[in-house]
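Asker: all I have is the shape, not the residue letters:
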């Protein structure tokens with residue numbers, strides 16, 4: 001008995017110190033202020049406690065599907081030309097409602113098998129069907145289309161996370177939101193002014209280098225008039241980006257550029273964009289290219305020395321320059337940047353372009369003052385609730401109630417230590433979950449104590465009553481805890497950030513309660529019984 005009590009006591013004390021370290025780490029002092037700072041360094045506060053911004057984003061997955069279809073069209077044209085297969089036209093007949101559908105016309109009947117061979121080898125995600133009047137339809141397989149849209153959301157989440165991490169936002173929460181709705185939930189603790197963050201998150205920052213063939217034009221009408229009302233084949237008209245150079249009342253210029261870019265942002269070397277200073281001592285953005293991109297850029301600039309190139313960002317021309325000589329793996333973007341806007345552009349380019357545009361469906365901001373009020377009210381509710389329980393238990397169960405109080409205090413230590421060790425975020429619902437575990441802990445003690453009382457009334461000795469009380473109440477306690485943990489797991493799987501915080505604290509609080517209400521309470525009872533004389537009554 002004595003040997004068993006020693007190892008149990010050592011285990012309990014070790015657990016206490018272990019989780020106290022999880023709460024405070026190694027504090028720099030024992031004053032209330034230093035202990036509170038140590039605790040806040042270990043336990044991260046959620047959006048509703050620290051203040052910050054809550055956003056729900058809608059990913060426009062059809063944009064990515066359209067972009068993939070356009071890329072497929074260009075590749076298909078190249079394949080048909082290399083195989084010397086004539087065709088009349090390759091278009092998207094309904095890009096708004098069916099962005100994955102491609103119509104091919106003018107393929108000779110005797111070359112249909114060659115077309116099938118090309119699509120089967122080069123475009124395995126697409127299905128080719130024939131129609132009337134030598135029309136072929138290429139559309140994405142439904143399973144591949146669904147997978148592509150899901151992957152688009154995944155890539156969007158990763159891109160947004162990279163951008164936010166580079167901004168230095170601590171403990172951001174970014175995940176899918178809803179089921180099959182292609183939405184993303186973003187929570188940014190500590191960000192009370194989300195304007196800049198939203199701008200950086202939303203920017204597609206798709207960099208393209210194209211050949212500039214005409215312009216600047218003062219308007220679209222002037223551009224069409226200069227080209228006999230019809231744009232030359234293989235060209236597009238893009239607006240110029242207003243970088244602060246135009247005077248008030250002036251519109252943005254327009255440029256005629258090649259429809260196919262020489263290189264894109266996908267050719268940038270990872271982390272290859274940085275802020276520099278141009279010859280006018282103004283901020284610019286320097287970039288470097290990967291090997292394949294450098295080869296394409298060298299071939300393009302070498303073949304167009306003396307021509308103009310256009311730097312296109314988000315389908316707007318930000319710079320037009322004359323190619324003086326062949327350029328290989330280095331380039332730069334100028335255009336009236338401020339130091340901050342240059343930094344933001346470099347950040348976005350380094351994090352990669354969004355695969356699809358995003359729209360903001362919902363936005364809310366929690367100020368730090370409101371968060372502080374939530375902490376104050378939540379902690380006060382927890383303290384008052386805990387004090388009420390700590391006072392009630394000894395009054396109703398005498399010395400056995402002190403046993404329950406010690407178990408409840410240890411339960412709270414274990415729960416907070418878990419939050420400190422795992423880095424889990426404490427939210428206001430999480431505080432509610434912690435308070436609920438106190439109630440569940442009391443419930444467990446009540447089940448055990450009432451069973452012990454019943455056994456004592458039936459004439460059992462104190463040791464036998466304690467043994468029967470714990471053994472019979474154990475199954476009921478496990479049953480109630482498991483059912484609650486299953487409910488918390490469902491909340492964690494389908495809930496959002498704050499709800500997940502509630503589920504996490506509730507789950508671990510219940511697991512801690514199984515240890516404290518049963519093992520710790522039983523050890524204390526065994527210690528008390530070992531110091532009682534034979535036949536002496538139990539204070540319960």
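Answerer: Ah, there it is. As the structure is a prediction and not an experimental result, all values here were calculated from the model.
Asker: just the strands in the stretch 151-300 of the chain please.
Answerer: For the stretch 151-300 of the chain, the strands defined by DSSP state E, counting those that start in this stretch occupy 173-177, 183-189, 207-217, 235-239, 254-258, 263-264, 274-277, 283-288.
Asker: mind putting those strands into CSV with mean neighbour count?
Answerer: (Each C-beta comes from the backbone N, C-alpha and C, glycine too.) Shown next, in CSV, are these (neighbours: other C-beta atoms under 10 Å):
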stretch, mean neighbour count
strand 173-177, 18
strand 183-189, 24
strand 207-217, 22
strand 235-239, 17
strand 254-258, 23
strand 263-264, 20
strand 274-277, 16
strand 283-288, 22
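Asker: secondary structure class for the nearest residue to residue 184 once chain neighbours are set aside?
Answerer: Take residue 184 and drop its neighbours on the chain: the residue closest to it by C-beta to C-beta, 6 or more residues apart in numbering is residue 57, 4.4 Å away. Three-state call for residue 57 (DSSP: H, G, I helix; E, B strand; the rest coil): strand.
Asker: I'd say residue 57 and residue 182 touch.
Answerer: No: taking C-beta atoms under 8 Å as the definition, residue 57 is not a contact partner of residue 182, at 9.4 Å.
Asker: okay, the strands of the stretch 151-300 of the chain in CSV with distance to residue 378 next?
Answerer: Putting the strands of the stretch 151-300 of the chain into CSV (distance: least, C-beta to C-beta, whole Å) gives the following:
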stretch, distance to residue 378
strand 173-177, 19
strand 183-189, 16
strand 207-217, 47
strand 235-239, 51
strand 254-258, 57
strand 263-264, 49
strand 274-277, 43
strand 283-288, 45
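Asker: mind checking these for the one nearest to residue 120?
Answerer: Closest approach to residue 120 among these (C-beta to C-beta): strand 263-264, 27.1 Å.
Asker: which residues touch the closest one?
Answerer: 206-209, 289, 293, 296-297, 300 (C-beta atoms under 8 Å, 6 or more residues apart in numbering).
Asker: partner strands of it, parallel or antiparallel?
Answerer: Strand pairing for strand 263-264, determined by DSSP bridges: strand 207-217 (antiparallel).
Asker: mind checking the pLDDT average for the partner strand?
Answerer: Averaged across strand 207-217, pLDDT comes to 89.
Asker: that one: how far from the chain's middle?
Answerer: 36 Å (C-alpha atoms, centre = their mean, to the nearest Å).
Asker: OK, contacts around the residue positioned nearest the centre of the chain?
Answerer: The chain has residue 174 as the residue nearest its centroid, 2.0 Å off, counting by C-alpha atoms, centre = their mean. The contact partners of residue 174, taken as C-beta under 8 Å, 6+ apart, are 157, 160-161, 164, 184-187.
Asker: and the residue nearest to residue 184, what are its bridge partners?
Answerer: Going by DSSP bridges, residue 57 forms beta bridges with residue 184, residue 360.
Asker: per-residue pLDDT, it?
Answerer: Note on residue 57: pLDDT of 91.
Asker: what is the burial count for it?
Answerer: Using other C-beta atoms under 10 Å, the number of residues around residue 57 comes to 25.
Asker: from residue 164, how far out is it?
Answerer: In this view, residue 57 and residue 164 are 12 Å apart by C-beta to C-beta, to the nearest Å.
Asker: which residues do these two both contact?
Answerer: In contact with both residue 57 and residue 164: 186, 201, using C-beta under 8 Å, 6+ apart.
Asker: and the pLDDT at residue 76?
Answerer: 90.
Asker: run through who's touching the helix or strand containing it.
Answerer: If you go by DSSP states H and E, residue 76 is part of helix 61-82. Residues external to helix 61-82 that are found in contact with it (C-beta under 8 Å, 6+ apart): 86-87, 90-92, 95, 99-102, 104, 115, 118-119, 122-123, 126, 138, 140, 145, 148-149, 152-153, 182, 260, 355-357.
Asker: name the helices or strands packed onto the helix or strand that that helix is followed by?
Answerer: Where DSSP H and E defines the elements, the next helix or strand beyond helix 61-82 is strand 89-91. Using 3 or more C-beta pairs under 8 Å, 6 or more residues apart in numbering; DSSP states H and E, the elements in contact with strand 89-91 are helix 61-82, strand 102-105.
Asker: include distance to residue 534 when you put these into JSON lines, please.
Answerer: Converted to JSON lines, those look like this (distance: least, C-beta to C-beta, whole Å):
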{"stretch": "helix 61-82", "distance to residue 534": "77"}
{"stretch": "strand 102-105", "distance to residue 534": "92"}
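Asker: and of those, who's closest to residue 494?
Answerer: helix 61-82 (21.7 Å).
Asker: buried stuff in that closest one?
Answerer: 61-66, 68-69, 72-73, 76, 79-80 (16 or more other C-beta atoms under 10 Å).
Asker: from the chain's centroid, how far away is the helix holding residue 76?
Answerer: 30 Å.
Asker: which neighbouring elements make contact with the host helix or strand of residue 431?
Answerer: Take DSSP H and E as the rule and residue 431 turns out to sit in helix 428-457. Other elements packing on helix 428-457 under the criterion 3+ C-beta pairs under 8 Å, 6+ apart are helix 47-50, helix 368-397, helix 399-422, helix 462-494, helix 497-514.
Asker: ok, and what's touching stretch 417-434?
Answerer: With C-beta under 8 Å, 6+ apart, stretch 417-434 has contacts from 18-25, 39, 42-49, 171, 173, 189, 374, 378-379, 381-382, 412, 415, 497-499, 501-506, 508-509, 512.
Asker: filter the residues you listed to the buried ones?
Answerer: Burial by neighbour count, 16+ other C-beta under 10 Å: within the contacts of stretch 417-434 this picks out 19-20, 22-24, 39, 42-49, 171, 173, 189, 374, 378, 382, 412, 415, 497-499, 501-506, 508-509, 512.
Asker: what's the first-to-last distance across stretch 512-531?
Answerer: Between the opening and closing residues of stretch 512-531 lies a distance of 28 Å (C-alpha to C-alpha, to the nearest Å).
Asker: to clarify, my last question referred to stretch 531-540.
Answerer: 16 Å.
Asker: list the buried ones in it?
Answerer: Residues 538, 540 are the ones in stretch 531-540 that count as buried (16+ other C-beta under 10 Å).
Asker: for it, the distance to its chain's centre please.
Answerer: Stretch 531-540 has its C-alpha centroid displaced from the chain centroid by 58 Å (C-alpha atoms, centre = their mean).
Asker: just stretch 108-116 next, same as before
Answerer: Between the centre of stretch 108-116 and the centre of its chain there are 46 Å (C-alpha atoms, centre = their mean).
Asker: list the contacts of that stretch.
Answerer: For stretch 108-116, contacts defined as C-beta under 8 Å, 6+ apart pick out 80, 83, 85-86, 104, 107, 128, 130, 134, 136.
Asker: average pLDDT across it?
Answerer: Averaging pLDDT along stretch 108-116 yields 87.
Asker: start and end of that stretch, how far apart?
Answerer: Taking C-alpha to C-alpha, stretch 108-116 runs 13 Å from one end to the other.
Asker: could I get the helices and strands packed on helix 428-457 as TSV with distance to residue 34 and mean pLDDT?
Answerer: Formatted as TSV, the helices and strands packed on helix 428-457 follow (distance: least, C-beta to C-beta, whole Å; pLDDT from 0 to 100):
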stretch	distance to residue 34	mean pLDDT
helix 47-50	20	73
helix 368-397	18	78
helix 399-422	16	87
helix 462-494	34	87
helix 497-514	25	85
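Asker: quick check: which of those is buried the most?
Answerer: helix 47-50 (a mean of 26; mean count of other C-beta atoms under 10 Å).
Asker: list the helices and strands it packs on?
Answerer: When contacts are defined as 3+ C-beta pairs under 8 Å, 6+ apart, helix 47-50 packs onto strand 183-189, helix 368-397, helix 428-457, helix 497-514.
Asker: now residue 414: how far from residue 343?
Answerer: Here residue 414 is placed at a distance of 45 Å from residue 343 (C-beta to C-beta).
Asker: phi, psi of residue 261?
Answerer: Backbone geometry at residue 261, expressed as degrees, to the nearest 10, gives phi -70, psi 150.
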